[in-house]
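[1] One predicted model, sequence on top.
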Amino acid sequence: MTVLLEYMDGEEMLQRWDASIICLSLMTAWTGTYASLTIADHLKFCTDRFWYVMFIILAGLAIGVDTVWCMHFVGMQALHLDGGVNSGATGAMTVKFEITFTLISGFAAWLICSVALHILSGRRAEDRDKIDREMVVRLVLAAALIALGVVVMHFMGMLSQSGNFDMEYNGWIVLGASLFAAVAAVIVAATFSPALLPPTTLTRVLAAAVISAGANGVHYSGMTAATYRVNLKKDVIFVPGSEALEINGLLIAILALWNNYVLSTVCNHYVSWKIKRDERELAVKDKVQAGLKLVNELPCPLFLVSAADFLSMPEEELRSLHEGLRCTGKLLTLDTMGEVMELKKTSHILFFSYEWLSWLKVGPNKVQLSAMKAAADNVAKKLQVPTSQIHIWIDILSIPQKHVGMKAMAVDSLYAFAHCADVMVIVAPDCWHEDTGARADALSYSERVWTRVEQLAHCSQHGVASMFLQTAETFCQLQDDWMETVCTVLDGDMTCCRNKHPNGCRCDKQILVLPLLALYYDIYKQILSGYPSVAAKFTWELIQKKGKDQMFPPNIHIARDTGITEVYELFGDTINRIEKIVAGQNYDFVVPTIEPKRSVRFSIRPEPLRSITCEL
């Protein structure tokens with residue numbers, strides 16, 4: 001309790017300053033500024049409006065409240081009114097703070113600093129780092145606002161002091177403190193400008209120290225403007241009816257430090273999560289981009305043989321494979337998708353899909369070859385065109401067999417080849433495997449992974465209307481329920497799985513992830529557009545019926561020849577991420593438009609692949 005009996009009413013009081021509290025106010029402002037600079041630096045990760053506003057508010061809280069407001073009330077504790085100038089009386093005067101003005105001054109500092117930060121950072125993300133005329137204008141406006149806010153907050157904080165005293169202000173010192181605040185505000189605005197924001201921890205620490213010194217300089221120079229005179233009648237309260245409380249400076253400093261820690265931790269966790277999420281989304285985009293290239297570009301040239309040459313080709317010439325036929329000039333080479341589209345204006349591409357029935361002899365056996373030639377004639381009759389207007393894709397002629405690199409690229413392009421073919425014929429006459437003696441027919445054909453992926457690729461672009469089954473006796477169009485069995489591509493059989501992946505080799509099913517991701521991306525994009533092609537709608541219904549996890553399994557079990565079964569991620573959560581990318585309109589991919597083929601007399605009419613324009 002302050003003893004006032006020895007003081008003279010109206011006399012000036014002596015002011016004593018506590019150096020330890022001054023250091024505490026410097027530290028309070030330093031940590032608050034560092035937290036605000038860190039949060040402001042994180043703004044570059046805020047790509048949506050909500051988190052941008054949140055980070056602006058949090059950075060404004062750190063600089064406005066934790067730096068300026070808390071520093072002010074910690075610094076006020078450094079002042080002790082102890083002693084009368086005229087009477088020589090002693091005894092510390094108790095200083096309280098009016099609740100209303102105290103809260104208003106804190107909110108004003110928060111609001112003004114948040115608005116100033118928005119002025120500095122409110123440009124488009126790609127323009128924030130530009131040093132130009134607009135940046136200078138924004139810097140000047142923000143500095144003026146910060147200076148006004150600091151001065152208003154400081155003197156509102158001083159007016160909130162309550163006790164047995166009156167305050168008188170020296171106008172010249174108030175003016176000087178205001179000019180000091182203007183200079184400090186320019187430094188603050190420049191430091192927080194995105195183009196000049198300290199990029200490293202060390203530079204932020206140093207910048208925070210400079211700003212802390214400036215803020216404390218404004219505070220203590222402003223404090224010297226006040227003269228305190230004893231008022232023995234009552235505690236002076238600026239706002240009538242308000243209450244006053246004692247404020248513990250150490251408690252304010254501790255709360256500010258904890259608040260800075262919490263703000264920085266929350267923002268750092270968000271940024272870490274955002275970076276990881278962006279990295280995962282970028283990985284998904286890269287996968288889809290690579291898959292789209294496999295589908296819509298030609299990693300390997302498309303080699304075709306005319307149906308007329310194929311029908312007249314003896315088996316010996318067929319067995320000369322790609323390299324042998326290349327020397328005869330009978331192979332048509334198409335290097336780009338544009339060349340493929342140009343050919344499709346005057347000719348039809350027929351894709352033969354079948355299973356090999358020998359481990360030593362490549363290509364079709366005699367029964368399958370006979371069925372292929374029958375199929376070529378049957379397709380020509382269906383299309384009502386001469387065989388000269390049909391070009392055939394068959395693996396042993398269209399895939400280089402000797403050059404390992406070219407062969408691998410051609411295998412990677414299988415999806416694209418099946419995708420752009422006008423007609424697919426499944427060649428599955430009743431036969432037997434030469435080495436295993438197992439029966440080979442339409443059922444065994446449908447159980448192979450590679451044949452399944454060829455069928456799904458073609459179906460997703462054209463539907464089942466252009467897909468046919470050729471046996472030794474019959475030629476017929478596929479029924480819709482055929483695709484319900486083969487659409488779960490990765491449930492099929494593969495030679496590498498049968499051999500249990502010797503010597504640690506990877507499973508060929510892993511190769512199919514990229515093109516299947518591209519397929520899903522294209523189908524889902526068309527579905528969301530509201531105008532899917534008939535083929536896309538049909539494929540989407542298959543996906544819904546079978547389930548995404550069945551068609552695009554998250555993981556794969558790989559049995560090794562050592563007896564160990566290993567689990568590898570296959571699609572993981574990329575399907576869900578693709579859906580978010582498409583739904584969020586965040587695309588960086590462009591799928592070339594494949595023009596529809598001219599109409600024919602039966603229902604083989606390729607559906608156009610819609611152009612997918614991707615924007616950031």
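    Yep, that arrived.

[2] Longest helix in the chain, please.
    helix 249-296 (DSSP state H).

[3] elements contacting the next helix or strand after it?
    Helices and strands here follow DSSP states H and E; after helix 249-296, the next one along the chain is strand 302-306. On a contact count with 3 or more Cβ pairs under 8 Å, 6 or more residues apart in numbering; DSSP states H and E, strand 302-306 meets strand 331-334, strand 390-393, helix 395-398. Every C-beta, even on glycine, is put in place using the N, C-alpha and C of the backbone.

[4] what residues does strand 302-306 touch?
    The list of residues contacting strand 302-306 from outside it, by Cβ atoms under 8 Å, 6 or more residues apart in numbering, reads 313, 322, 325, 330-334, 340, 343, 349, 387-388, 390-394, 397-399, 413, 417, 420.

[5] now do 6 Å
    Contact with strand 302-306 is made by 330-334, 340, 391-393, 397-398, as judged by Cβ atoms under 6 Å, 6 or more residues apart in numbering.

[6] Beyond it, next helix or strand please.
    Remark: after strand 302-306, the chain's next helix or strand is helix 307-311, criterion DSSP H and E.

[7] and that following helix, how far out from the chain's middle?
    How far helix 307-311 lies from its chain's middle: 50 Å, per Cα atoms, centre = their mean, to the nearest Å.

[8] For that helix, what does the pLDDT average out to?
    Mean per-residue pLDDT for helix 307-311: 94.

[9] And that helix, what does it pack against?
    Contacts defined by 3 or more Cβ pairs under 6 Å, 6 or more residues apart in numbering; DSSP states H and E place helix 307-311 against helix 366-383, strand 390-393.

[10] Buried by neighbour count: which residues of the longest one qualify?
    Looking back up the chat, that one is helix 366-383. The neighbour-count check on helix 366-383 (16 or more other Cβ atoms under 10 Å) flags 367-369, 371-372, 374-376, 378-380, 382-383 as buried.

[11] ok, of these, which one's closest to Cys507?
    Cys507 lies nearest to Gln368 out of these, by Cβ to Cβ, at 26.8 Å.

[12] Could you tell me which residues make contact with the closest one?
    354, 427.

[13] For the nearest residue to Leu292 once chain neighbours are set aside, pull up the helix or strand it's in.
    Once flanking residues are discounted, Leu292 sits nearest to Ala518: 4.7 Å by Cβ to Cβ, 6 or more residues apart in numbering. Assigned by DSSP H and E, Ala518 belongs to helix 513-529.

[14] again, but for Ala89
    Assessed by DSSP H and E, Ala89 sits outside every helix and strand.

[15] thinking it is in contact with Met8, fair?
    No: between Ala89 and Met8 there is no contact under Cβ atoms under 6 Å: 7.5 Å.

[16] What ranges in this structure fall below the confidence cut-off?
    Across the chain, the ranges flagged by pLDDT under 70 are 1-5, 47, 234-246, 248-249, 294-295, 585-616.

[17] just to revisit the earlier point, mind putting the buried residues of helix 366-383 into CSV with distance to Asp48?
    Below are the buried residues of helix 366-383 laid out as CSV (distance: Cβ to Cβ, whole Å):
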residue, distance to Asp48
Val367, 62
Gln368, 57
Leu369, 60
Ala371, 58
Met372, 56
Ala374, 60
Ala375, 55
Ala376, 56
Asn378, 57
Val379, 53
Ala380, 57
Lys382, 53
Leu383, 52
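
[18] Check these and tell me the two furthest apart.
    Val367 and Leu383 (24.8 Å).

[19] Could you chop the protein up by domain?
    What the TED database lists as the domains of the chain is 11-276, 298-487, 496-585.

[20] between these, which one is nearest to Asp286?
    Closest of the domains of the chain to Asp286 is domain 496-585, at 9.8 Å (criterion: Cβ to Cβ).

[21] Against Ala125, how distant is Lys274?
    Distance, Lys274 to Ala125, by Cβ to Cβ, to the nearest Å: 14 Å.

[22] Quick check: neighbours shared by the two?
    What both Lys274 and Ala125 touch, as defined by Cβ under 6 Å, 6+ apart, is an empty set.

[23] follow-up on the earlier one: and the helices and strands packed on strand 302-306, which is most packed in?
    strand 390-393 (a mean of 25; mean count of other Cβ atoms under 10 Å).

[24] Can you name every helix or strand that that strand contacts?
    Packed next to strand 390-393, using 3+ Cβ pairs under 6 Å, 6+ apart, are strand 302-306, helix 307-311, strand 348-353.

[25] and it, how far out from the chain's middle?
    42 Å.

[26] ok, it: who's next to it in the sheet?
    For strand 390-393, the paired strands and their directions (DSSP bridges) are strand 302-306 (antiparallel), strand 348-353 (parallel).

[27] Need those strands in a markdown table (columns: mean neighbour count and distance to Ser105).
    As requested, the strands paired with strand 390-393 are exported to a markdown table (neighbours: other Cβ atoms under 10 Å; distance: least, Cβ to Cβ, whole Å):
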| stretch | mean neighbour count | distance to Ser105 |
| --- | --- | --- |
| strand 302-306 | 22 | 75 |
| strand 348-353 | 25 | 77 |
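
[28] Val567: which of those is closest?
    Of those, nearest to Val567 by Cβ to Cβ is strand 348-353, at 30.9 Å.

[29] send the alpha carbons of that closest one over as CSV?
    Output in CSV follows, covering the C-alpha atoms of strand 348-353 (Å, rounded to 0.1, in the frame of the first residue of the first chain):
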residue,chain,number,x,y,z
HIS,A,348,-8.0,-48.2,-90.2
ILE,A,349,-5.6,-49.6,-87.6
LEU,A,350,-6.2,-53.2,-86.6
PHE,A,351,-4.6,-54.4,-83.4
PHE,A,352,-4.1,-58.2,-82.9
SER,A,353,-4.1,-59.3,-79.3
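
[30] ok, and what's touching it?
    Identification of contacts with strand 348-353 by Cβ under 6 Å, 6+ apart yields 372, 379, 390-394, 418, 421-427, 451, 454.

[31] Mind listing what's buried along the strand or helix carrying Gly405?
    Assigned by DSSP H and E, Gly405 belongs to helix 404-412. For helix 404-412, the neighbour count (16+ other Cβ under 10 Å) marks 406, 409-412 as buried.

[32] Go ahead and produce PDB holding the CA coordinates of stretch 55-73.
    Provided in PDB are the C-alpha atoms of stretch 55-73 (Å, rounded to 0.1, in the frame of the first residue of the first chain):
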ATOM      1  CA  PHE A  55      -1.100 -16.500 -41.300                       C
ATOM      2  CA  ILE A  56      -1.600 -12.800 -41.800                       C
ATOM      3  CA  ILE A  57      -3.700 -12.700 -38.600                       C
ATOM      4  CA  LEU A  58      -1.100 -14.800 -36.700                       C
ATOM      5  CA  ALA A  59       1.800 -12.800 -37.900                       C
ATOM      6  CA  GLY A  60      -0.100  -9.600 -36.900                       C
ATOM      7  CA  LEU A  61      -0.700 -11.100 -33.500                       C
ATOM      8  CA  ALA A  62       3.000 -11.800 -33.000                       C
ATOM      9  CA  ILE A  63       4.200  -8.400 -34.100                       C
ATOM     10  CA  GLY A  64       1.300  -6.300 -32.900                       C
ATOM     11  CA  VAL A  65       0.500  -8.000 -29.500                       C
ATOM     12  CA  ASP A  66       3.600 -10.000 -28.600                       C
ATOM     13  CA  THR A  67       6.100  -7.500 -29.800                       C
ATOM     14  CA  VAL A  68       4.600  -4.000 -29.400                       C
ATOM     15  CA  TRP A  69       1.800  -4.400 -26.900                       C
ATOM     16  CA  CYS A  70       3.400  -6.900 -24.500                       C
ATOM     17  CA  MET A  71       6.800  -5.100 -24.700                       C
ATOM     18  CA  HIS A  72       4.900  -1.900 -23.800                       C
ATOM     19  CA  PHE A  73       3.400  -3.300 -20.700                       C
END
